[in-house]
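Trainee: From the sequence below, what's the structure:
(2 chains)
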Amino acid sequence: MTTSFLPYPNADAPSEELISRCVHCGLCLPSCPTFAVLGVETDSPRGRIRLMKTVWEGRVSADAPSFEKHIGQCLDCRACETACPSGVEYGKLVEAARSQILAVRRPSAIERAIRTAAFDWLLPHRRVLAAFATLSVAAKRAKMPTLLRASRLHAGRRLAEMLELLPERATAERMETVVPAQGARRGTVALFAGCVMGSVFGDTNRATARVLARNGVEVHVTRPQTCCGALHAHAGERDRARALARRNIAAFEGLAVEAIIVNAAGCGAAMKEYGWLLKDDPAWAARATAFAARVRDATEYLGDLGLREPPGPVRVRAVYDDPCHLLHGQRVQAQPRALLAAIPGLDLAPLAEADMCCGSAGTYNVTQPELARALLERKVANIQRSGAELVVTANPGCLMQIQAGLRRAGSTARVVHLIDLLDESYRAG
Amino acid sequence: MRALQELLGASKVLGTRDELLVYEYDGAVDTATPDAVALPESTADVALLAKYCHEHDVPIVPRGAGTGLSGGAIPVEGGVVVSFARMARILEIDVPNMRAVVQPGVINLHLENATAPYGLHFVPDPSSQKACTLGGNVAENSGGPHTLAYGVTTNHVTGLEIVLSDGSVVRLGGKAIETEGYDLVGAFVGSEGTLGLVTEATVKLTPLPEEKRTLMAAFATMDDASETVSAIIGAGIVPSAIEMMDQLATQAVEASVHAGYPLDAGGILLVEVDGARDGLDESRARIEAICREHGARTIRVAASALERERLWAGRKGAFAAMGRLSPDYYVQDGVIPRTRLPEILRLVKEAGERHGVRIANVFHAGDGNIHPLIMFDLRNGPEELDRAKEASIDILTACIEAGGSLTGEHGVGMEKNCYMPLQFAPADLAAMRRVKESFDPAGLMNPGKIFPTPSRCREFSLAATR
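Mentor: Down below sits the predicted model:
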């Protein structure tokens, strides 16, 4: 039998230098959600890095179906980066591997059409996305999922599950360009509106501006900004991600602000890595690094600044579930907890496996529904054991996923963005 | 492979090329690709598998988390790797009798977390405890920093369920501290999977110490630090742990963990005393005084549990942090009488210089269990590994000449089996081999481990005779 092993096709390949940091000690294994569910080395960070290495060694083909399968089953939650004493930058590796798989695999015409629709038409265009979101929420409220399930078609069931993820109400954001600071000014920032945040969670964007302003921060909103490109990069679409990154860099670089505030953990993690994404583009590399240095998660910025205005009481038993791309991607752990501790009356209970992914992971709950569901059920069980009536998190994907999981399990617990909770708390106070 | 899938069910067997490639390594250097990987979910699965392999003359190699440091989980003679990742349930926590009954795939730290609410813990805490499994701990007779006061795994296992190579299931020992007849539990602990497969273990739980005091002392040289170790123990103090780290290791650790170790120190000691609250502070003060007498430049006492955890996180992440210095490393595990530490550390340094390899040191100084981390880069060609191995042989020979041994806690595996004749006479090895043959007459259980094999050890014996 003769087999020819296809090497990595282009310069976005997972770098041998980054791979060589892995000393295969295995300390990452217990932190990996897919290893926890499947128990196989191929679905562990160490195993996936090894597969990437074997492609360089010419022992596995870059277009091998099993390579695509196991790299595809990764959530890109980056919990292994937190666990790794050698500082392996796994997120960069897995995104690089996906770009190579996409380049060698030649997706079908249907998949290409879906990718173009989602990545080129929908996500970068807020108005289109907002219309799509409103339509989808209307379909959901018109009991579409029940009908789809009744159709007994596999595609129908998948579509029903996707619709069920949506919140009860989608709000597009319409904001003024400057929200002035209340009282003495303590800072000036720009707000990154985001695609899903801007078209589905517009209320959260407005709440972010309100909470910042209330604490003495002037908030600027610039119009030409677009989707951050995180979902594109996670799906291996590096060139599409780069195009969006350039537009955002251009949109924000003229603003005299000390920070670019992001309230979606997944976007923030991606934007903090624009320097890496554009490192080989001489015209943009330095501008990207300068942009990335100003990116702050809303909870990170507020936590570091400290709340000037004490929030009002919220009397409920709550848990905080770390968004992976906040905890592992940005290493922001203390600030959200400090903000929660400032809310009087909030009974914050410990949550087992708060550092483990809920299965949302960008588009993972759409592309890998079975593993996503296993992880969601694990998350819901941990939440129910905690006795919490309120789940606080800080990323739209986690919000939708966990809320859908709780609803399905018959729980009445509510899931809320930390910034929305602060906003509610201020209104109550 | 197809036969195994029929036997156990398709979901419990891996056999495609790419899947097998990720079972060719563990935490150490050696690699070999298995012919199949089995993922049993019960003792019955393991017994079926063993019986099949016995009938078809197929080697069986057990694997826990694959964090081992002597190639124990590497299928050097091919065959089936048995991963215990899906047998990971804690079956019982018996608080009044202070025992836990676990499946082999339970992660060491998960057991610690599960028993902590009862004020109990399983003492052996290898540095890989976040990931390593109890089955692996039993196989390798693992230690950890706290073996100085509390002993190694064998002191904490009272019962085992074993699947023998013919598929029969035997139970050895139980919850009682002593059973009549041969101490076969003792024979199995540390047998590295060469006698049978552990499918259940009954382990001792120990009350958590009332309090702990942890201090870090930084010295100008490794000599000063080594002499301090002997002085502390010579003064009649028995700390629960004394760990030592050199400058190279400290720098790698600080880059990842930020444990707060001074970067300019030639040697660092981490000392912990634990037990009843009364008298702990006196012990701590005496240790501090001894450290100062031996020239400690900085001494930091952990003021909170968080600070203690951070000091330990640095130590426990030290091996894995080596990736920051070098893509490949070879860890040695020699043991020496601790009074000979200064001399051995000098020999380690000389061995590194002689063979042109960088060596970092992170180890259990209280036990005299050294861990030289010999760095190399396989991308520069196989001769780098050869030089690392030559340095290892020099170091291990020095340990044995100093009255010590080849391995303290990592096991012999396929990494040090060729060196066994350095320590044991032919008659000693023959006696051990008879034990192996009585449990595994066909030689299918983790072959190529512990005992020197003619094919792989020829080169070494030639080198030794030269």
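
Trainee: so the residue of chain A at minimum distance from chain B is in which element?
Mentor: Closest contact between chain A and chain B, by CB to the nearest CB, is at residue A:86 (2.8 Å). In this view, the C-beta of every residue, glycine as well, is placed from N, C-alpha and C. Using DSSP states H and E, residue A:86 maps to neither a helix nor a strand.

Trainee: Assign the residue nearest the centre of chain B to helix, strand or coil.
Mentor: With distances taken as CA atoms, centre = their mean, chain B has residue B:410 as the residue nearest its mean C-alpha position (3.4 Å). Per DSSP: H, G, I helix; E, B strand; the rest coil, the local secondary structure of residue B:410 is coil.

Trainee: residues in contact with it?
Mentor: B:68, B:69, B:70, B:140, B:331, B:333 (CB atoms under 8 Å, 6 or more residues apart in numbering or on different chains).

Trainee: Spell out the residue ranges of the strands in the stretch 1-150 of chain B.
Mentor: B:13-14, B:36-38, B:60-63, B:80-83, B:90-94, B:99-102, B:120-121 (DSSP state E, counting those that start in this stretch).

Trainee: Now the fifth one: buried residues?
Mentor: What it means is strand B:90-94. B:90, B:93 (16 or more other CB atoms under 10 Å in any protein chain shown).

Trainee: Ignoring the adjacent residues along the chain, who's closest to the residue of chain B found nearest chain A?
Mentor: Proximity of chain B to chain A (CB to the nearest CB) peaks at residue B:323, 2.8 Å away. Nearest residue to residue B:323, sequence neighbours excluded (CB to CB, 6 or more residues apart in numbering or on different chains): residue A:86, at 2.8 Å.

Trainee: and stretch B:168-181, how far apart are its ends?
Mentor: With CA to CA, to the nearest Å as the measure, stretch B:168-181 spans 20 Å from end to end.

Trainee: How about it, which residues are buried there?
Mentor: Within stretch B:168-181, the residues that count as buried by 16+ other CB under 10 Å are B:169, B:172, B:173, B:175.

Trainee: try stretch B:158-169
Mentor: B:158, B:159, B:160, B:161, B:162, B:163, B:164, B:165, B:166, B:167, B:169.

Trainee: Any residue of stretch B:3-15 touching chain A?
Mentor: Yes. Judged by CB under 8 Å from any CB of the partner chain, stretch B:3-15 comes into contact with chain A at residue B:14.

Trainee: what about that stretch, how long is it end to end?
Mentor: Stretch B:3-15 end-to-end distance (CA to CA) = 11 Å.

Trainee: Pretty sure residue B:223 sits against residue B:342.
Mentor: Yes. Residue B:223 is within contact range of residue B:342, at 4.9 Å (criterion: CB atoms under 8 Å).

Trainee: which residues of the stretch 1-150 of chain B fall in helices?
Mentor: B:2-8, B:17-21, B:43-56, B:108-115, B:134-140, B:147-150 (DSSP state H, counting those that start in this stretch).

Trainee: what's the most buried one of those?
Mentor: Ranked by mean neighbour count, the helices of the stretch 1-150 of chain B are led by helix B:134-140 with a mean of 30 (mean count of other CB atoms under 10 Å in any protein chain shown).

Trainee: re the thing from before, could you pick out which of the buried residues of stretch B:158-169 are near chain A?
Mentor: Counting by CB under 8 Å from any CB, no member of those reaches chain A.

Trainee: Can you tell me which of those residues lies closest to residue B:228?
Mentor: residue B:158 (36.3 Å; CB to CB).

Trainee: who are the neighbours in contact with the residue nearest to residue B:323?
Mentor: Listed by CB under 8 Å, 6+ apart, the contact set of residue A:86 reads A:21, A:22, A:23, A:25, B:256, B:320, B:321, B:322, B:323, B:324.

Trainee: how about those, which pair is most distant?
Mentor: Farthest pair in these, by CB to CB: A:22 and B:256, 13.3 Å.

Trainee: Between the two, point out the one with more neighbours.
Mentor: residue A:22 (24 against 19; other CB atoms under 10 Å in any protein chain shown).

Trainee: Would you mind confirming that residue B:447 is in contact with residue B:59?
Mentor: Yes. The pair residue B:447 / residue B:59 is scored as a contact, 5.1 Å apart, by CB under 8 Å.

Trainee: Next, please give the residue ranges for the strands of the stretch 201-350 of chain B.
Mentor: B:206-207, B:211-219, B:241-246, B:267-275, B:298-301, B:328-331.

Trainee: Off-centre distance for the helix or strand bottoming out on mean pLDDT in chain A?
Mentor: Here the helix or strand of chain A ranked lowest by mean pLDDT, DSSP states H and E is helix A:154-165, holding a mean of 77. Put simply, helix A:154-165 sits 21 Å off its chain's centre (CA atoms, centre = their mean, to the nearest Å).

Trainee: And stretch B:169-183, by the same measure?
Mentor: The chain centroid and the centroid of stretch B:169-183 are separated by 24 Å under CA atoms, centre = their mean.

Trainee: okay if I get the contacts of residue A:86 as TSV plus pLDDT and distance to residue A:50?
Mentor: Conversion of the contacts of residue A:86 to TSV gives the following (pLDDT from 0 to 100; distance: CB to CB, whole Å):
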residue	pLDDT	distance to residue A:50
A:21	92	13
A:22	94	8
A:23	92	12
A:25	94	13
B:256	80	21
B:320	84	16
B:321	87	20
B:322	87	18
B:323	86	14
B:324	87	19
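
Trainee: Contact partners for the spatially most central residue of chain A?
Mentor: The centroid of chain A falls nearest to residue A:266 when counting by CA atoms, centre = their mean (2.6 Å). Taking CB under 8 Å, 6+ apart, we find residue A:266 in contact with A:230, A:231, A:323, A:325, A:329, A:362, A:395, A:396, A:397.

Trainee: Which parts of the chain belong to which domain?
Mentor: All of this refers to chain A. Per the record, chain A has its domains at A:16-105, A:111-165, A:178-303, A:311-428, by automatic domain parsing.

Trainee: nope, chain B please
Mentor: By the assignment in automatic domain parsing, chain B contains the domains B:1-208, B:211-321, B:326-440.
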